[in-house]
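Enquirer: Curious how this folds, go ahead:
(one chain, ligands or ions: 1)
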Amino acid sequence: MIKHSIRLHPLGKELLVNDQTPLIDVLHEFGIEFPCGGKGTCGKCKVRLLAGEVETTVTHQQKLGKFGLSPDWRLACFSQCTSDITLEIEQFNHLILADESEFGFQPQQGYGIAIDLGTTTVVAQLIDLSSAKVLAVETMLNPQVKFGANLISRIQACLDGNSPEITRIIRSATGTMIELMLKKHPVEIHKVILVGNSIMQLIFSNCDVSPLSMYPFKTDNLGMKTFDPEELGWSFQVKDKVKFYPSIGSFVGSDILAGIAATGIHQKENYTALIDLGTNGEIVIGNKNQIVCASTAAGPAFEGASISMGMRAVSGAISSLNLVEEKIEAIVIGNTAPKGICGSALIDAVAILYKMELIGMFGEINSGESQIHLSGKVSLTQKDINEFQLAKAAIAAGLTILAKNLSVELSEIETIYIAGGFGNYINIGNVIATGMIESQEERIHKMGNTALIGAKMFLFSDSTITNAILAKTRHINLEGHPNFQDIYVDKMLL
Ligand code: FES
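Expert: Coordinates of the predicted model:
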């Protein structure tokens with residue numbers, strides 16, 4: 001029997017299927033919904049073909065035309081797998097975190113665009129600079145995913161000679177997002193500000209990423225980058241230069257700089273921390289006098305990618321688990337039978353299983369079996385628990401080493417902000433119970449997309465804020481700490 005692989009972005013999953021398997025038969029297992037039952041009338045099951053071939057019938061082409069979809073799109077309910085393919089799942093787009101929070105600002109004339117350029121997702125907002133009102137929002141999956149889901153694969157793609165293309169597609173995608181917002185609100189744009197991690201900054205700016213692929217992982221090329229819209233291939237005018245804000249260090253980008261501005265760490269009397277719980281798990285601790293920051297190798301466990309039944313927070317995913325009268329109760333998105341587990345429930349699962357003494361302090365399953373049943377068909381394996389321990393230890397060790405660097409105790413950190421889409425759904429009590437963050441519940445606050453909030457704040461300021469933050473911020477190499485290994489291993493314990 002001929003087999004083909006299907007890779008799903010941004011889930012990071014790969015599955016093997018028989019030749020001519022209908023996509024509807026396999027994609028629903030990953031929480032992808034088929035609202036009209038596969039009749040081709042709702043268009044909600046659309047997927048973008050990033051690599052490989054999916055043939056279309058005349059009826060399928062007519063349906064694609066009816067929904068105004070370009071040639072790289074398919075309706076999953078009308079498609080079969082006949083070759084190795086890579087798909088971008090449109091339904092995952094709504095999980096991208098935009099932001100509507102309020103902040104202090106000095107009113108200005110005109111309109112600005114703030115863009116958070118993430119490795120997986122991109123969010124853009126059109127802002128009225130007289131009121132800070134959000135006039136339009138566009139979100140998309142980063143089209144660079146066709147070169148791989150994580151930063152290492154994007155760097156590798158550049159080293160393999162794909163730099164011009166990987167730069168072109170993100171410049172083109174952000175330009176299209178702005179055009180879409182301008183269609184809804186035809187205004188003259190005064191400013192465009194982008195923030196993102198250092199690799200995203202280098203790629204967008206068409207700079208060499210190779211220094212960050214090898215020891216000592218340093219480049220002098222992480223300062224503010226400015227562009228005319230024409231050199232980005234954009235067909236609309238921008239009054240000021242387009243600006244990509246400076247990174248703080250080799251793997252701590254302007255998204256974290258924006259996060260510092262959004263949380264006001266640089267102005268606080270008491271020590272404050274910011275944790276972005278993504279694949280890189282960036283951490284900042286500081287106050288008005290000094291700030292230290294680092295990136296950790298937290299890995300993809302929080303996004304469900306390295307967990308056997310892990311999935312994103314879509315229909316069928318267990319989003320949280322509770323212990324009720326000695327029984328584990330699952331809350332499932334979409335109120336359906338559980339198909340998998342997302343990052344927030346993974347934290348709950350480990351905290352609850354430890355409390356029930358079903359797993360021990362080393363994460364070992366006490367019964368000696370290879371997995372523990374959670375709900376419906378969903379179980380957690382020994383390997384899943386160990387993957388979680390690696391991720392949580394990276395965060396816990398990062399916090400400890402940064403605090404040591406400032407000569408403060410973790411208990412002296414008055415407030416800890418958790419940023420990022422995933423951070424919004426977690427149970428803080430269970431985060432503490434697993435030992436990921438050693439603090440008290442009332443000190444930990446979820447803050448959403450701090451990168452986007454900060455980028456919007458930058459629209460209203462000159463570079464004074466960023467220069468002030470950069471002047472007092474030090475980038476720390478965690479692995480360079482003499483006790484890193486000991487601390488990391490110690491933090492793996494529950
Ligand atoms: S499920 Fe409605 S168009 Fe495919």
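Enquirer: after the lengthiest helix in the chain comes which helix or strand?
Expert: With DSSP state H setting the assignment, residue counts place helix 382-405 as the longest helix in the chain. For helix 382-405, the following helix or strand on the C-terminal side (DSSP states H and E) is strand 415-419.
Enquirer: Could I get the buried residue list for the following helix or strand past that next one?
Expert: Using DSSP H and E, the next helix or strand after strand 415-419 towards the C-terminus is helix 428-433. Judged by neighbour count (16 or more other CB atoms under 10 Å), helix 428-433 contains these buried residues: 428, 430-433. The way it works is simple: take the backbone N, C-alpha and C, and place the C-beta from them, glycine included.
Enquirer: Run through who's touching stretch 217-225.
Expert: By CB atoms under 8 Å, 6 or more residues apart in numbering, the residues outside stretch 217-225 that reach it are 198, 201-202, 204-205, 207-208, 211-212, 243-247, 249-251, 463, 466.
Enquirer: now swap in stretch 455-473 and tell me
Expert: Residues external to stretch 455-473 that are found in contact with it (CB under 8 Å, 6+ apart): 99, 103, 105-106, 108, 112, 114-116, 125, 127, 129, 132, 191, 193-195, 224, 245-246, 248, 257-258, 260-262, 266, 284, 286, 288-293.
Enquirer: Of all the residues in the stretch 101-250 of the chain, which one is nearest the ligand?
Expert: Taking CB to the nearest ligand atom as the measure, the point where the stretch 101-250 of the chain comes nearest the ligand is Leu141, at 18.9 Å.
Enquirer: Run a quick check on that residue versus His9, I expect a contact.
Expert: Yes - using CB atoms under 8 Å, Leu141 is in contact with His9, at 6.7 Å.
Enquirer: what do those two both touch?
Expert: Taking CB under 8 Å, 6+ apart as the contact definition, Leu141 and His9 share the neighbouring residues Glu88.
Enquirer: hey, where'd the helices end up in the stretch 151-300 of the chain?
Expert: In the stretch 151-300 of the chain, the helices defined using DSSP state H, counting those that start in this stretch lie at 151-157, 163-184, 198-204, 254-263.
Enquirer: Using TSV, lay out these together with mean neighbour count, mean pLDDT and distance to His373.
Expert: Compiled in TSV, the helices of the stretch 151-300 of the chain are given as follows (neighbours: other CB atoms under 10 Å; pLDDT from 0 to 100; distance: least, CB to CB, whole Å):
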stretch	mean neighbour count	mean pLDDT	distance to His373
helix 151-157	18	89	34
helix 163-184	17	93	42
helix 198-204	25	97	40
helix 254-263	29	96	38
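Enquirer: could you give the angle of the host helix or strand of Asp490 to helix 382-405?
Expert: Secondary-structure element containing Asp490, defined by DSSP H and E: helix 484-491. Orientation of helix 484-491 against helix 382-405 (axes from the mean of the first three to the mean of the last three CA atoms, to 10 degrees) gives an angle of 120 degrees.
Enquirer: Using CSV, list the CA coordinates for helix 484-491.
Expert: This file holds the C-alpha atoms of helix 484-491, laid out as CSV (Å, rounded to 0.1, in the frame of the first residue of the first chain):
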residue,chain,number,x,y,z
PHE,A,484,23.2,25.9,34.9
GLN,A,485,23.2,22.1,34.5
ASP,A,486,22.7,21.5,38.2
ILE,A,487,19.9,24.1,38.5
TYR,A,488,18.2,22.7,35.3
VAL,A,489,18.2,19.1,36.6
ASP,A,490,17.0,20.2,40.0
LYS,A,491,14.1,22.1,38.5
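Enquirer: Give the rounded mean pLDDT of that helix.
Expert: Within the predicted structure, the mean pLDDT of helix 484-491 is 95.
Enquirer: Show me which residues of the chain sit near the ligand.
Expert: Proximity of the chain to the ligand is assessed by CB under 6 Å from any ligand atom, with 34-36, 38, 40-45, 75, 77 identified as the residues in range.
Enquirer: From the residues you listed, list just the buried residues.
Expert: Buried members of the residues of the chain next to the ligand, scored by 16+ other CB under 10 Å, are 34, 38, 40, 42-45, 75, 77.
Enquirer: In those, find the pair that's most separated.
Expert: The two members of these with the most space between them (CB to CB) are Gly38 and Gly43, at 11.9 Å.
Enquirer: Could you save the helices of the stretch 151-300 of the chain as TSV and add columns showing distance to Val350?
Expert: Formatted as TSV, the helices of the stretch 151-300 of the chain follow (distance: least, CB to CB, whole Å):
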stretch	distance to Val350
helix 151-157	26
helix 163-184	36
helix 198-204	30
helix 254-263	26
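Enquirer: I am finished for the moment; much appreciated.
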